[in-house]
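J.: Sequence and predicted structure are below.
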Amino acid sequence: YGLCRRAAFCRMVPSLPLTQWRVNRMLTYSDQTQPDDKQLRSHRRAQLMRFWFKLGWVSFGGPAAQIAILHQELVERQRWISERRFLHALNFCMLLPGPEAQQLATYLGWLMHGTWGGIIAGLLFILPALGILMGLGWLYMAWGQVPIVACVLYAIKPAVTAIVLFAAYRMGSRILVHPGLVSIALAAFFASALLKLPFPWIVLSAGLMGAWLGRCFPRVFAAVESHKTAAQDYGPAWLDDHSPLPPHARFSLLGLGKVLLIGTGLGGGVWWWLKVTGAGNGLLAQLAEFFTQAALLTFGGAYAVLPYVYQAVVEHFHWLQPEQMMDALALGETTPGPLIMVVSFVGFVVGWSQALLGPEALLASGIVAMLVVTFFTFLPSFLMILAGAPLIESTHGKLQWTAPLAGISAAIVGVILNLALFFAQQLLWPTAGNGQLDWKAASAVVLIVIALYRLRLGVIPVIVGSALAGGLWEIGSLWVAKAIG
């Protein structure tokens, strides 16, 4: 009887292989799930760690591209979460200060696996970038310019531009299904591109417009719902639209208080120790205070944080030179992980140049300062997600909440399009004012967009292929120059 039921289910869902159905059946939250079973929990933990660790190594391109990778992997390929739940989580993360892609990874990890899942997802999303930037920081400070590294990073930039352009197209095709939402997206694009309005004002205006549309024109959101219903069916998701929330995702005042107490106690304890001991001649405590403030007061992701950080570390504290900050931004844009990891590189350079642990321990000085900056930059993000996500999940499917969030989603499409065009301008016309187009970069962007759209290549092959092409080009150039010379 059981085999007959299983065969009947597989006939109803032909796109879901039997082995995948067994995995989903084992991992689906239902009344038959046994959360105390050690073998099941071990399998889920290992699966989660492998996925987020791999994602941390290939999440190039800033928040837009990283959100696209998360959607492609979690919603389309793995089918671990439905698209509506994904967009609901994304809208919440876009409202928060800090790196939205890392916050989204933390949110989704928490939603699927609880607190430990959110912490693992958030940490593994940034650890590869932290290790890479640590190595690049040592090369940068100790050896200066490295031609082959510069060539590899240059070759990745067309891939980054194409990924962001494709992300704007994909998100727009899913979200902008009504003229009202298209109008919000266009208004957000012009507000960010021409008027240079701060991101929080754009988000607030889009949320108010969405709330107004939901009250006066509910058919706008009826069109959104019908579009989602008619969208491509990827098969049943692990956590679907109508799946009951797992116990850990239900809001409670006790859980909220516990998260706030542990998070603030951890951050306050580390800061107090740095302040009392005077570690690094008091500079480490100063770094902790400044980057906590930057994480809490700057909305709109890394591009809102960077002007604030530049003004402080270059003009106010005089920790870095302007060209060092520009190099930090270039490395942050072309390494995996959230773009806000730029501040980790800044911490490394500050620690090295200030010789916090003495002139004989420059590398250790850079690493310690880097870890302090990273800890106090990302701790508020973990705290806001783990404390606020249960409350946000309780609003899932309610029009008075989904209408403003749908307006915010439409505005995000316009802002991402502006970001994509900014990347394209910086890449294709690197020298402003002379009108000289970089034909090699333009050709690479076109070819990569075709590969993403027509050939349906994944982001991972595109990034790896671009990096290999850049490295081989530099090696070939050196070989030819040596042969000629």
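T.: On my side now, so go ahead.
J.: looking at it, Q436 is touching A442, isn't it?
T.: No. The criterion here is CB atoms under 8 Å, and Q436 misses it with A442 at 11.5 Å. Quick note: C-beta positions are derived from backbone N, CA and C, even for glycine.
J.: Only alpha carbons, please: show stretch 441-451 as CSV.
T.: Provided in CSV are the C-alpha atoms of stretch 441-451 (Å, rounded to 0.1, in the frame of the first residue of the first chain):
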residue,chain,number,x,y,z
ALA,A,441,34.9,44.3,-21.5
ALA,A,442,31.8,45.1,-23.5
SER,A,443,32.2,42.0,-25.6
ALA,A,444,32.7,39.9,-22.5
VAL,A,445,29.5,41.4,-20.9
VAL,A,446,27.4,40.6,-24.0
LEU,A,447,28.8,37.0,-24.2
ILE,A,448,28.2,36.3,-20.5
VAL,A,449,24.6,37.7,-20.7
ILE,A,450,23.9,35.4,-23.6
ALA,A,451,25.4,32.5,-21.7
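J.: Could you check that stretch and say which residues are buried?
T.: 441-442, 444-445, 448-449, 451 (16 or more other CB atoms under 10 Å).
J.: tell me the average confidence for that stretch?
T.: Here stretch 441-451 scores 85 as its mean pLDDT.
J.: ditto for stretch 331-341
T.: Computed over stretch 331-341, the average pLDDT equals 75.
J.: And stretch 365-375, by the same measure?
T.: In the prediction, stretch 365-375 has an average pLDDT of 93.
J.: Centre of the chain to that stretch, how far?
T.: Relative to its chain's centre, stretch 365-375 lies at 21 Å (CA atoms, centre = their mean, to the nearest Å).
J.: Buried residues in it, which are they?
T.: Applying 16+ other CB under 10 Å to stretch 365-375 flags 365-375 as buried.
J.: low-confidence ranges in the stretch 201-350 of the chain?
T.: 219-238, 240-244, 297-307, 323, 326, 329-330, 333-334 (pLDDT under 70).
J.: Let's see that with 90 instead.
T.: 201-259, 263, 275-283, 293-343, 345-346, 350 (pLDDT under 90).
J.: Which parts of it are helices?
T.: Remark: helices assigned in the stretch 201-350 of the chain by DSSP state H, counting those that start in this stretch are 219-230, 253-277, 283-297, 302-310, 322-333, 342-354.
J.: so which of these is the most packed in?
T.: Each of the helices of the stretch 201-350 of the chain was scored by mean neighbour count; the highest is helix 342-354, a mean of 26, by mean count of other CB atoms under 10 Å.
J.: who touches that one?
T.: 129-130, 133-134, 136-137, 140-141, 280, 283, 287, 291, 294, 302, 305-306, 309, 313, 319-320, 324-325, 328-329, 331-332, 362-363, 365-374, 377 (CB atoms under 8 Å, 6 or more residues apart in numbering).
J.: Verify the contact between L284 and V372 for me.
T.: Yes. Judged on CB under 8 Å, L284 makes contact with V372 at a distance of 5.2 Å.
J.: Show me whatever sits in contact with both of the two.
T.: Taking CB under 8 Å, 6+ apart as the criterion, L284 and V372 both touch L274.
J.: Send me stretch 273-280 as CSV with only the CA atoms.
T.: Taking Å, rounded to 0.1, in the frame of the first residue of the first chain, the C-alpha atoms of stretch 273-280 are listed here in CSV:
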residue,chain,number,x,y,z
TRP,A,273,37.3,43.8,27.6
LEU,A,274,39.0,45.8,24.7
LYS,A,275,38.3,49.1,26.5
VAL,A,276,39.5,47.9,30.0
THR,A,277,42.7,46.2,28.7
GLY,A,278,43.5,49.0,26.3
ALA,A,279,44.3,46.4,23.6
GLY,A,280,46.2,47.9,20.6
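J.: Output the below-cut-off pLDDT ranges for the stretch 1-150 of the chain.
T.: 1-105, 108-118, 121, 125-126, 128-129, 132-133, 135-150.
J.: Sketch out the helices for it, chain order is fine.
T.: Going by DSSP H, counting those that start in this stretch, the stretch 1-150 of the chain shows helices at 2-12, 18-27, 38-58, 62-70, 83-95, 100-143, 147-175.
J.: any idea how far stretch 470-481 is from the chain center?
T.: The answer for stretch 470-481 is 33 Å, by CA atoms, centre = their mean.
J.: and that stretch, average pLDDT?
T.: On average, the pLDDT along stretch 470-481 is 76.
J.: which is the next helix or strand following the helix or strand where I385 lies?
T.: Applying DSSP states H and E as the criterion places I385 in helix 362-393. Following helix 362-393 in sequence order, the next helix or strand is helix 399-428 (DSSP H and E).
J.: what's in contact with stretch 441-456?
T.: Here stretch 441-456 makes contact (CB under 8 Å, 6+ apart) with 155, 157-159, 161-163, 165-166, 169, 424, 427-428, 457, 459, 462, 466.
J.: one more time with 6 Å
T.: 158-159, 161-162, 166, 427-428, 457, 462 (CB atoms under 6 Å, 6 or more residues apart in numbering).
J.: Check the residues you listed for burial and list the buried ones.
T.: 158-159, 161-162, 166, 427-428, 462.
J.: Would you mind giving these as CSV with pLDDT and distance to I262 added?
T.: Shown next, in CSV, are the buried ones among the contacts of stretch 441-456 (pLDDT from 0 to 100; distance: CB to CB, whole Å):
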residue, pLDDT, distance to I262
P158, 82, 44
A159, 78, 40
T161, 78, 41
A162, 81, 42
F166, 81, 40
L427, 76, 43
L428, 80, 48
V462, 79, 40
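J.: Quickly check these for the two that are furthest apart.
T.: L428 and V462 (18.1 Å; CB to CB).
J.: Tell me which residues touch L296, please.
T.: 97, 380.
J.: So it versus L383, what's the distance?
T.: 10 Å (CB to CB, to the nearest Å).
J.: next one: P218
T.: 36 Å.
J.: what about those two, which has more around it?
T.: For P218 versus L383, neighbours defined as other CB atoms under 10 Å are more numerous around L383 (19 against 12).
J.: If we ignore the residues flanking it in sequence, what's nearest that one?
T.: In space, and not counting its chain neighbours, L383 is closest to G263: 3.8 Å by CB to CB, 6 or more residues apart in numbering.
J.: That neighbour contacts I385, doesn't it?
T.: No. G263 is beyond contact range of I385, at 10.3 Å (criterion: CB atoms under 6 Å).
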